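Chemist: sequence? don't have it. structure:
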């Protein structure tokens, strides 16, 4: 899982969190993804494509067992420095093996858009392998950037999960045909 657009080479790992800190300082909520996924009541969450660990760390702060995986060593080093007590795995998501399943697996932050073209199905399968029975795979990404809703949902179905809901934001706004962002919820039934 290399990065498609070359944006996450690791050189900006120490400053990546600046955006989220600024949001919080401005009174905005930087944890919309966590709020959204928390409504499903997971006891455990895998932050797949975790970057510097913002999402996993917030789940843990809320008392939810959290772990993260990312291919980028520099980003993951930043996550480890902030929360060494969490389980962090440096791995390509397509082949990642955390050795367990989770109530929710979250791909926040356009993860699917940064994998090498042609590896998307394997990446989704790698994430889905970690979803427990009854658990959810939740992903958010911008549309019109190489991955369509139909592509995503086919990859999800191919893993044995069932797409159950679409939203246009992490705030839960309704998805429409002209939405430019998809938050997809799938479940292992």
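Modeler: Looks like it arrived, so ask away. Quick caveat: nothing in here was measured; it's all calculated off a predicted structure.
Chemist: ok, and for stretch 52-61, which residues are buried?
Modeler: Under the neighbour-count criterion of 16 or more other CB atoms under 10 Å, stretch 52-61 has 52, 53, 54, 55, 56, 57, 58, 59, 60 buried. All C-beta spots, glycine's among them, are computed from the backbone N, C-alpha and C.
Chemist: my read: the second one touches residue 72, true?
Modeler: No. Using CB atoms under 8 Å, residue 53 makes no contact with residue 72, being 11.5 Å away.
Chemist: ok, back up a step: of the buried residues of stretch 52-61, which belong to helices?
Modeler: Using DSSP state H, the subset of the buried residues of stretch 52-61 located in helices is 54, 55, 56, 57, 58, 59, 60.
Chemist: Tell me who's in contact with residue 56.
Modeler: The contact partners of residue 56, taken as CB atoms under 8 Å, 6 or more residues apart in numbering, are 45, 46, 47, 50, 66, 67, 68, 79, 83, 86.
Chemist: so what pLDDT did it get?
Modeler: Looking at residue 56, its pLDDT reads 98.
Chemist: I'd like the distance from it to residue 85, if you could.
Modeler: Using CB to CB, to the nearest Å, residue 56 is found at 11 Å from residue 85.
Chemist: so who does the spatially most central residue of the chain touch?
Modeler: For the chain, the residue lying nearest the average C-alpha position, counting by CA atoms, centre = their mean, turns out to be residue 107 (1.5 Å). By CB under 8 Å, 6+ apart, the contact set of residue 107 is 48, 49, 127, 137, 138, 139, 140, 141.
Chemist: Tell me the one of the residues you listed nearest residue 184?
Modeler: The nearest member of these to residue 184, counting by CB to CB, is residue 139 at 5.1 Å.
Chemist: thought residue 109 was touching residue 170?
Modeler: No. The pair residue 109 and residue 170 does not pass the contact test of CB under 8 Å, sitting 10.4 Å apart.
Chemist: Overlap in contacts, these two.
Modeler: Common neighbours of residue 109 and residue 170 (criterion: CB under 8 Å, 6+ apart): 33, 140.
Chemist: and residue 133, backbone torsions?
Modeler: Dihedral pair for residue 133: phi -60, psi 130, per degrees, to the nearest 10.
Chemist: Could you list the low-pLDDT ranges of the chain?
Modeler: By pLDDT under 70, the weakly predicted segments of the chain are 1-16, 20, 23.
Chemist: Helices of that one, residue ranges please.
Modeler: Under the criterion DSSP H, the chain contains helices at 18-25, 32-38, 54-61, 73-82, 120-128, 149-158.
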